[in-house]
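S.K.: whatever this is, show me its structure:
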Amino acid sequence: MNGRRDAISLEEAQRRILAWAEPIGAEQVPLLQANGLRLAEAVRTHAPIPAFARSGMDGYAVMAADLASASPHSPVMLQLLQGEARGAMTYRIRPGEAMRVGTGGPLPEGADTVVMQEAVTIRDGEDGERHAVFLRPETAGRHVTAAGAEAAAGSVLIAEGTRIGPGQAALLASLGVARPSVYRRPRIFVVTAGDDVVPVESEPGIGQVRNGNLPMLRALIESAAGDPIGDAHVPDEPRQAKQTLQRALAAADLVIVSGGISVGDTDVMGGLFREAGPGLLFSKLAIRPGSASSAIVMEGKLLIGLSGNPGACFAGFELLARPAIDRMGGGSGKLEWCRARLVEGSVKSNAYPRFLRGVVRMEDGLLTARPCEENSSSGLISIGEANALLAIPPSAEETRAGTMIDVRLLPGWQERVWP
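M.R.: Numbering: from 1, shown residues only. Alright, predicted model coming up:
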C-alpha cells in the first residue's frame with residue numbers, strides 16, 4: 001500500500017467500527033458485581049408490583065364511605081381492630097371498622113383509604129373497645145398504592161441492553177434476581193509506541209516525554225465499562241511491534257494503540273496498519289484533532305489506532321473507542337449529543353469538523369459552553385479541565401459566541417464546571 005491515505009468522515013469511521021464491534025457474549029454474575037454492565041436479556045415480573053395494596057404512610061386503613069359525614073362538629077368513631085400492622089392483609093374490615101397500618105405495609109381487605117395518624121385520635125370506649133376518631137371526610141384511594149399500580153404481571157421492567165445502575169440493582173434485588181445475565185465487560189489491551197516515550201518513573205531525555213497516554217487510556221476504558229486487562233509499550237521496531245500486537249490480540253477482545261500511527265519513517269504502528277490489506281477499515285479521518293486515527297481488523301479482532309498526542313488521543317477515544325466498547329458491551333454504540341450555546345470567545349474557521357475540549361454548565365435551563373484555553377493536539381492540562389467535547393462544524397468564518405453547537409457531555413461532567 002502506498003503512502004496516500006484517503007480521509008473519511010467521522011460518521012463513516014464509526015459505522016465501519018461498529019460493524020465489527022458486536023456484543024461479545026453474556027454471563028451470569030452476582031448482582032453486587034453487576035454495576036455498570038448491561039443486561040443481556042429483558043427482565044420481567046411474574047407478579048404485579050406492588051403485589052398487594054399498600055399504605056403510603058403510617059395511619060389507619062378505613063372505608064372512605066364511613067367518613068363521608070365526618071367533621072370537627074360531628075366526629076365519626078370507628079371500632080379499631082386489634083392486630084399487627086404488618087399482617088393487615090390477613091384481615092378484612094367491615095363498615096364501621098378501622099385498622100392501624102404502617103408505611104409501605106399492606107392494607108386489610110375491604111379498606112380503600114388511609115388516614116394519616118396525626119389526623120386521628122384514639123379513645124377507649126366504655127365497652128372496653130378502642131375507637132379511632134375522625135374529624136373530616138377522605139377520598140377513596142387516598143394514601144394508597146393499588147396492587148399492580150407500578151407494573152402488571154408479565155411486564156418488561158428492564159429492557160435488554162439497559163446498563164445496571166443503582167435503580168436497576170434495587171429492582172433486580174426486589175425481583176429476586178441474584179445473578180443477572182449481563183454482557184461481558186470487553187477485555188481491552190493498550191499498546192503505546194515510540195522511542196520518544198519513556199515510563200512514568202523515568203527521567204525523559206531531550207525530545208522525550210513520559211507515557212501519560214497509558215494511564216489516561218486505562219482510566220477512559222474503565223469509565224466506558226471496559227476491562228483493561230494489560231498494556232505494553234513498544235519501540236520503533238516493526239518486528240517487536242507486530243509480536244506485541246499478536247500477543248495483545250490473543251488476550252483481548254479489542255486492542256487500542258496510541259502513537260506511531262502516522263506516515264513518518266519512525267511511525268511503526270502506521271506501517272503495520274497500512275500492511276493490513278483488506279483488514280484496513282480506515283487510516284485517516286476528516287476531523288481535527290485526530291486525523292491520523294486508524295482502525296484495522298487483524299486475526300478477526302478490532303484494533304483502533306489513536307494519536308500519540310494526548311489531546312488527539314483523548315478525542316479519538318471518545319469518538320471511536322468509546323462507541324466500540326459500548327457496542328461490545330451490549331449497548332448501541334451511539335454517542336449522545338446535546339445542544340449548547342457558545343458563550344465565550346470564538347473559534348477560528350476550519351475546513352474540517354473540530355472537536356474541542358471544553359467546559360459546559362447549566363444556566364437558566366440552557367447548557368452553555370466555552371472551549372478550554374489550550375486546545376492543541378498535544379495539549380495535556382485541558383484534558384483534566386474539560387467536561388465536554390464541543391463539535392464545531394466546518395466554516396469559512398469564525399464560530400462566534402452566541403452560536404448553538406453540539407456538545408458531547410463526558411462522564412461525570414457535572415463535577416467539573418468553571419466558577
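S.K.: pull the number of nearby residues for G277.
M.R.: 8 (other Cβ atoms under 10 Å). Any C-beta I mention is one placed from the backbone N, CA and C, and that applies to glycine too.
S.K.: distance of it relative to G311?
M.R.: Per Cβ to Cβ, to the nearest Å, G277 is found 31 Å from G311.
S.K.: now M362
M.R.: On the measure of Cβ to Cβ, M362 and G311 end up 26 Å apart.
S.K.: more crowded one of these two?
M.R.: G311 (25 against 11).
S.K.: list the contacts of the more buried one.
M.R.: 289, 357, 375-380, 382-383 (Cβ atoms under 8 Å, 6 or more residues apart in numbering).
S.K.: what's the answer for E150, then?
M.R.: Contacts of E150 (Cβ under 8 Å, 6+ apart): 49-50.
S.K.: against L320, how distant is it?
M.R.: Taking Cβ to Cβ, one finds E150 at 40 Å from L320.
S.K.: for S181, same thing?
M.R.: 29 Å.
S.K.: neighbour count for the two, which is higher?
M.R.: Shown here are S181 and L320; by other Cβ under 10 Å, L320 has more neighbours (27 against 17).
S.K.: just the element for A248, please.
M.R.: Using DSSP states H and E, A248 sits in helix 238-251.
S.K.: who does the next helix or strand after that helix touch, helix- and strand-wise?
M.R.: Once helix 238-251 ends, the next helix or strand along the chain (criterion: DSSP H and E) is strand 254-258. On a contact count with 3 or more Cβ pairs under 8 Å, 6 or more residues apart in numbering; DSSP states H and E, strand 254-258 meets strand 187-193, helix 213-223, helix 238-251, strand 301-306, helix 322-328.
S.K.: buried sites along strand 254-258?
M.R.: 254-258 (16 or more other Cβ atoms under 10 Å).
S.K.: which pair of those spans the longest distance?
M.R.: Largest separation among the buried residues of strand 254-258 by Cβ to Cβ: L254 and S258, giving 13.4 Å.
S.K.: ok, and what's touching the top strand by length along the chain?
M.R.: Secondary structure of the chain per DSSP state E: the longest strand is strand 354-363. Residues from elsewhere that reach strand 354-363, judged by Cβ under 8 Å, 6+ apart: 287-290, 311, 314-315, 318-319, 340, 347, 367-372, 375, 379, 382-383, 385-392, 407-409, 413, 416-418.
S.K.: that one: how far from the chain's middle?
M.R.: Counting by Cα atoms, centre = their mean, to the nearest Å, strand 354-363 is centred 19 Å from the centre of its parent chain.
S.K.: for it, what is the average pLDDT?
M.R.: Regarding strand 354-363, the rounded mean pLDDT is 94.
S.K.: which is the next helix or strand following that strand?
M.R.: Heading C-terminal from strand 354-363 (DSSP H and E), you reach strand 366-371.
S.K.: and that next one, C-alpha only, in PDB?
M.R.: Below are the C-alpha coordinates for strand 366-371, written out as PDB (Å, rounded to 0.1, in the frame of the first residue of the first chain):
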ATOM      1  CA  LEU A 366     -29.800  26.000  29.000                       C
ATOM      2  CA  LEU A 367     -26.400  24.400  28.500                       C
ATOM      3  CA  THR A 368     -23.700  26.900  27.900                       C
ATOM      4  CA  ALA A 369     -20.200  26.100  26.700                       C
ATOM      5  CA  ARG A 370     -16.800  27.500  26.300                       C
ATOM      6  CA  PRO A 371     -13.600  26.000  24.800                       C
END
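S.K.: same for it, what does it pack against?
M.R.: Contacts defined by 3+ Cβ pairs under 8 Å, 6+ apart place strand 366-371 against strand 338-342, strand 354-363, strand 388-392, strand 404-409.
S.K.: what does it contact?
M.R.: 338-345, 347, 356-362, 388, 390, 405, 407, 418.
S.K.: relative to strand 404-409, how tilted is that strand?
M.R.: Computed by axes from the mean of the first three to the mean of the last three Cα atoms, to 10 degrees, the angle separating strand 366-371 from strand 404-409 equals 80 degrees.
S.K.: pairing partners for strand 366-371, with directions?
M.R.: In the sheet, strand 366-371 lines up against strand 338-342 (parallel), strand 354-363 (antiparallel) (DSSP bridges).
S.K.: in contact with the nearest residue to P238 once chain neighbours are set aside, which residues?
M.R.: Using Cβ to Cβ, 6 or more residues apart in numbering and skipping residues adjacent in sequence, the residue nearest P238 is V268, 5.4 Å away. Counting by Cβ under 8 Å, 6+ apart, V268 touches 193, 234-238, 241, 260.
S.K.: middle-most residue in this structure, spatially?
M.R.: Residue closest to the mean C-alpha point of the chain, counted by Cα atoms, centre = their mean, is R163 at 6.6 Å.
S.K.: now it: phi and psi?
M.R.: phi -80, psi 130 (degrees, to the nearest 10).
S.K.: that one bridge partners, please.
M.R.: Counting by DSSP bridges, the residues bridging with R163 are R38.
S.K.: L37 and V43, how far apart?
M.R.: 13 Å.
S.K.: thinking again about what came up before, dihedrals phi and psi, the residue nearest to P238?
M.R.: phi -70, psi -40.
S.K.: then F314?
M.R.: Per degrees, to the nearest 10, the backbone of F314 is at phi -60, psi -50.
S.K.: for it, which non-adjacent residue is spatially closest?
M.R.: F314 sits nearest to I383 (Cβ to Cβ, 6+ apart), 5.1 Å away.
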